[in-house]
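Chemist: Predicted model and sequence below, questions to follow.
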There are 2 protein chains.
Amino acid sequence: MQDIFYPKSVAVVGVSAKPDNLGRNIMLNLVDFGFDGIVYPVGPKGGAITTRRIYKSVIDIPDHVDLAVILVPARFVPDVLEECGQKGVKRAIIETAGFREYSESGREIEDRVVEVAKKYDIRFIGPNCIGAINMDNGFCVPFPRLTPFIRKGEVSIISQSGGVGLSIMNHMAAEGIGLNKFVSVGNMLNIDAEELLEYLIKDEGTKIIFIYLESIRDGRKLMDLAKLSPKPILVFKSNIGQLGQNIAASHTASLSSDDRVVDAAFQQCGITRIHDVTSLSEYMKTLRLPRLKDKRLAIISRSGGHAIVAADACEITGFQLAEFPESFIKEIEKHFRASVIKLTNPLDLGDLFDLDVYYRIVEETLTQENVDGVVFLHTSVARTEHDPTKSLVGRLEKLSKEYNKPVVVYVSANSEEVSQLRNSFDFPIFTHIVEMFRALKLGFDHSRMIETVDRHEVAPTFVVDKKRVRELIEMAGSENRDLLLDEAIEVLHCYGIPAIPGKKATNAKESQAAAEELGYPVAMKVIAKELSHKSDVGGVQLNLRDGKAVESAYKDMEAKIKKSYPDVSIDGVMVQPMAVGGRELILGARQDEQFGSVILVGLGGIFVEIFEQANMRIAPISRTEAQAMIEELNGAQILMGARGEKPFDIDSVVDAVLHLSQLMMDFPEIQEFDINPLRIFHEGDGCSALDARIIL
Amino acid sequence: MQDIFYPKSVAVVGVSAKPDNLGRNIMLNLVDFGFDGIVYPVGPKGGAITTRRIYKSVIDIPDHVDLAVILVPARFVPDVLEECGQKGVKRAIIETAGFREYSESGREIEDRVVEVAKKYDIRFIGPNCIGAINMDNGFCVPFPRLTPFIRKGEVSIISQSGGVGLSIMNHMAAEGIGLNKFVSVGNMLNIDAEELLEYLIKDEGTKIIFIYLESIRDGRKLMDLAKLSPKPILVFKSNIGQLGQNIAASHTASLSSDDRVVDAAFQQCGITRIHDVTSLSEYMKTLRLPRLKDKRLAIISRSGGHAIVAADACEITGFQLAEFPESFIKEIEKHFRASVIKLTNPLDLGDLFDLDVYYRIVEETLTQENVDGVVFLHTSVARTEHDPTKSLVGRLEKLSKEYNKPVVVYVSANSEEVSQLRNSFDFPIFTHIVEMFRALKLGFDHSRMIETVDRHEVAPTFVVDKKRVRELIEMAGSENRDLLLDEAIEVLHCYGIPAIPGKKATNAKESQAAAEELGYPVAMKVIAKELSHKSDVGGVQLNLRDGKAVESAYKDMEAKIKKSYPDVSIDGVMVQPMAVGGRELILGARQDEQFGSVILVGLGGIFVEIFEQANMRIAPISRTEAQAMIEELNGAQILMGARGEKPFDIDSVVDAVLHLSQLMMDFPEIQEFDINPLRIFHEGDGCSALDARIIL
């Protein structure tokens, strides 16, 4: 991968001298960005461009070529690549579009490209991309004509869309955030986003990684990489709704995945998900500052109004204002001309106009042990202050590093002055107070999240009866059906997930006997191969209080089902005692194409409609993750013992989740597993599945 | 007020030739902004400045002066104002700080200022402010030295902080949003924010009003003005937490109010509350476009990636993509070179490079009846496109006006080009896709809110027994106590709020008799002047099932209270039947210093802790408002009949709210009124207060 970003010699294939030639743009970009290697223009018509010879083929180049950037019509790409192979070029960036995202014949060309690459062992990026930028060596090969518009910095970008990538870089430049490497991946025929991520995680110049994705190829690999990354990874994953799907399919041939699964997976592996560019730049700014050790801030402001807005934002985002000790106040009092202002936190600089004094006050504040970070709100009011302001910001940057505490700088000034400041430092300058505190919060939460990501905690393994489950699944599989209710409940038993004791009965009399044994009242649920939604056809009868009721329920059920589904044969019923007390949860699992087994927990009963939310995690799940899944549920207070009620047995649900996770890892052939409801009782009384459905 | 913003002659008092003189800045600002009137510098030392004579006193000015801008040390302000009075100057802007916000002696000076102004009938803004700007006539008197940094536009600003006001204007300038008028109000000793709002609502040049407030002086007046304003009013109200209060008191002498009341009041009168500068600029942009009639959008994009991000954002913000009819697709197909792209909505412009064709496609899209607005996502990729892009944006602005549908333009370009575009048009240019859709949503919701604000619906008036309530309150008042439980329940009866039937009893025997009459089980609650929190001292006994239980409960209660509070005399108990079924609500009211009577409703019982939220409205409340109060409760689904349960009797609660509103308007001496719980039954069965507490 190093050869992709740090080639010594580059052939740009598709160059002509015409002013609207895109290959020409690539060549000129390399020149303007100061690429430190050698560039060879290649184009079928030959000729010259800016006093350089255009070679007719890669083969004609007299020297070795590390990398070819290819932008010729799709139908010529296989041949160009063939020539590269013959020439011994081992890396390529294919920017040409018009492949599988476009047409069937495009797909065929793609197949040929893959074949040639395999033959010559060529690794390549694209096709259908705008190339890459490396600010470290001036390697800049996107086909739009670019002038050096962004500073070298610490953020690297992988983007599945060239247009989105460019606009993000424009925003970064406007916000003064420097770029390290950029790569647009396109159709990912050979080198994919995961591989590039792996490279950037190790890349020395990259400190923060941002990824724009329209689809996730290998969710597992992404998670594994992210879990072990010491660098923050920010991902903007689009293509999440119905409306964008058509366009995504034709844009980068992307399929969308269940967005809630993506959310869960990202959270689990410590990826920060970005939903808009505003918070992206907030993250990029805050993550470049020293980490906040705790939440105690000092706010120092030149404007009283800004101080108030900041104090509000501080409170709303959950930060605290450090208390200034008397001795400290005495010390800074010396700087003030007259004692016109109460010295407190926020500190209003009031009638102090000496920017050098601001610096000294910030430094003195940083020495305070109970100050974890300083928020400095500056207003540049006069033209004569431009230079002192610039020098102040530079000195504050150094202070921040020296004390290893964030000095978060807000500047109120006209946009010209702000731009100049941002062009002068690779140090974040905020221009929105509320957003600055949100950024601080994002950064703080990010460190906390990174700390809590289960990098090493392993999912527990329980002793289970895997063999019996294998039999049940194979039996159902051989009959080409899903599992029956009694089988599903047996699976629960085999994997140690508590279920209400039930008895199978195949006629009214047996049902009565079962009910007598279990004790009234009972519930009765039909068992039938062809019926997966029992209650729709009267297949669930609750609260049967005596033998007579059981008998008539059985007959009633039989009659109703015969009437609605004459062809369905009833295999019997499951008789269960009615569960008393407790609250209802929903526990489920299913297979996701990108991420594999996903486990979900939600509140059931009346709360389903109020909270409409379930928490998911990708299996295998560790105990900490399972606990978090339940504790983070909206409305989890209901389970914790709200209003003096005894708390419910959350541990038993954690166990059930862990066992279910093991089951799903053992049997990926289970497509869907629903336990609805899972009744949870008070602490110590466990939980119990009342119904279960397994779809293969 | 016209004379404040449109004076013909202005005296700037406090000018000297020293380069750091702030009065000098004011004078030069007037010159640089091209003020269309005459300016007279005034300063005690006289002399000259930029070839103009500095008058030693306002009195020396040979002509009439409409307005004086005063920036001299606080102690001289009364005398300067006196001279203004003698000279016949009727308007002033006092920028000097150091009054009541600073010290006791400052307050005394303030009193003298008020006195002089009254004597000469001078209306003034300030003190402790940075003055005003009117882009319509170049009137620009803030004391920081400003160069013309912002375009004339349609947004006017009232700001309680000069620093915040300036930073907001910097943001507007950066986002290309033009300014009409700006005024910093400071301590509002004479002209206050409400009066200025009244002026701006009528002011022709102002189309959108933004207010930054640290305190609300007269909440009622603000609401009344806003309700009748045809112009959008956006308010950033800071000073909402604990942390900012100290600094706010010393900054503009502001007291904070209950922030939830502010939220409720704003919503009720159609003020849009702003919480950060990002959404402020989103509002300012979206509100300048033609109104969206409905939610059907067309997205036209040069980049496939942008189209996907836009489609996602469209879906998330609840907009729809209009379906393009076959005939329309055929029509636009003609513009495409080759049919490389599926023509759909979002429309990917793909390999079309002719910006003139973009224009024609947008126009054709606007003619579609089922398209309410067009989102146009542009990428300016090459330097050669700068001019065509500029021309395209200008033409799109015209199209938007012509078709009276919003054409929302996003431009991806480097910040220099974006600035140039923004400087060229007073037409919003967005640079963030997700934020653009949020802005559209804000604008759409804003129109909807404006439509639903009860501008004219009057709160209903019921026949009530006001006289009896007056007697009860006066009696309690004369005894310097709050109302007793039985009195509070009588108040409910007098105002037609249903309460559970109860009987007062003064000994165990009477309690038993009352219980027999009401029917078991009963509840028993102590009535005692000195006890307002009954349950803390065992003063509430529930579920008493027979006479014996009632007797022992009475005695037990008596004993417990005697033990804990030997001095409290028990006036008796209230015996009530136990209410069966239903759900619990909390209904309350209290007086707010800024807004008057506030009514609140929340869910009670177990839901209190889950939702932790009550809805408030300022009395008097209309029926529509009362309904909205309940329907908008978090968790209101519980009352609507979730999961097939019968819905609860929401109408009865609406009635209770309306009656309570009338009561609070009739008796502002009631400080707090709590009905907790109010039990609500199924539809048709009404509601019933089980307990009530009135604090005077």
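Modeler: Yep, it's here.
Chemist: quick check: domain ranges of chain A?
Modeler: Using automatic domain parsing, the domain ranges for chain A come out as A:1-128, A:149-288, A:291-452, A:501-577, A:583-695.
Chemist: which element is the residue nearest to residue A:412 when sequence neighbours are not counted on?
Modeler: In space, and not counting its chain neighbours, residue A:412 is closest to residue B:167: 3.8 Å by CB to CB, 6 or more residues apart in numbering or on different chains. In short, each C-beta sits where N, CA and C put it, glycine included. When elements are defined using DSSP states H and E, residue B:167 is found to belong to helix B:162-175.
Chemist: then that helix to PDB, C-alphas only?
Modeler: What follows is helix B:162-175 as a C-alpha-only set of coordinates in PDB (Å, rounded to 0.1, in the frame of the first residue of the first chain):
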ATOM      1  CA  GLY B 162     -22.800  44.000  22.000                       C
ATOM      2  CA  GLY B 163     -20.200  41.200  21.800                       C
ATOM      3  CA  VAL B 164     -22.700  38.500  20.900                       C
ATOM      4  CA  GLY B 165     -24.400  40.900  18.400                       C
ATOM      5  CA  LEU B 166     -21.100  41.500  16.700                       C
ATOM      6  CA  SER B 167     -20.200  37.900  16.400                       C
ATOM      7  CA  ILE B 168     -23.600  37.100  15.000                       C
ATOM      8  CA  MET B 169     -23.200  39.700  12.400                       C
ATOM      9  CA  ASN B 170     -19.800  38.200  11.500                       C
ATOM     10  CA  HIS B 171     -21.400  34.900  11.000                       C
ATOM     11  CA  MET B 172     -24.100  36.300   8.900                       C
ATOM     12  CA  ALA B 173     -21.500  38.100   6.700                       C
ATOM     13  CA  ALA B 174     -19.600  34.800   6.400                       C
ATOM     14  CA  GLU B 175     -22.800  33.000   5.400                       C
END
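Chemist: ranges for the strands of the stretch 401-550 of chain A?
Modeler: In order along the chain, the stretch 401-550 of chain A carries the following strands (DSSP state E, counting those that start in this stretch): A:407-412, A:429-430, A:503-505, A:522-528, A:540-544.
Chemist: for these, which one sits closest to residue A:35?
Modeler: strand A:429-430 (29.7 Å; CB to CB).
Chemist: can the closest one be found next to chain B?
Modeler: No - Strand A:429-430 stays clear of chain B (CB under 8 Å from any CB of the partner chain), getting no nearer than 10.7 Å.
Chemist: Got phi/psi on the residue nearest to residue A:187 when sequence neighbours are not counted?
Modeler: With CB to CB, 6+ apart as the measure, residue A:128 is the residue that lies nearest to residue A:187, at 4.8 Å, once sequence neighbours are left out. Listed backbone geometry of residue A:128 is phi 70, psi 50, with angles given as degrees, to the nearest 10.
Chemist: Show me what the helix or strand residue A:387 falls within is packed against.
Modeler: Taking DSSP H and E as the definition, one finds residue A:387 inside helix A:386-403. Helix A:386-403 is packed against helix A:355-367, strand A:373-379, strand A:407-412, helix A:415-424, with contacts defined by 3 or more CB pairs under 8 Å, 6 or more residues apart in numbering or on different chains; DSSP states H and E.
Chemist: In that helix, which residues are buried?
Modeler: By neighbour count, and taking 16 or more other CB atoms under 10 Å in any protein chain shown as the criterion, the buried residues in helix A:386-403 are A:388-390, A:392-393, A:395-397, A:399-400, A:403.
Chemist: in the stretch 201-350 of chain A, which spans are helices?
Modeler: For the stretch 201-350 of chain A, helices defined by DSSP state H, counting those that start in this stretch occupy the ranges A:219-228, A:245-252, A:259-269, A:277-286, A:304-316, A:326-333.
Chemist: so can I have TSV of the helices and strands packed on helix A:386-403 showing mean neighbour count and mean pLDDT?
Modeler: Putting these into TSV (neighbours: other CB atoms under 10 Å in any protein chain shown; pLDDT from 0 to 100) gives the following:
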stretch	mean neighbour count	mean pLDDT
helix A:355-367	18	92
strand A:373-379	27	95
strand A:407-412	25	96
helix A:415-424	18	90
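Chemist: Okay, residue A:444 and residue A:280: tell me how far apart.
Modeler: The gap separating residue A:444 from residue A:280 is 17 Å, by CB to CB, to the nearest Å.
Chemist: Any idea how far the host helix or strand of residue A:688 is from the middle of the chain?
Modeler: Using DSSP H and E, residue A:688 maps to strand A:687-689. Strand A:687-689 sits 33 Å away from the centroid of its parent chain (CA atoms, centre = their mean, to the nearest Å).
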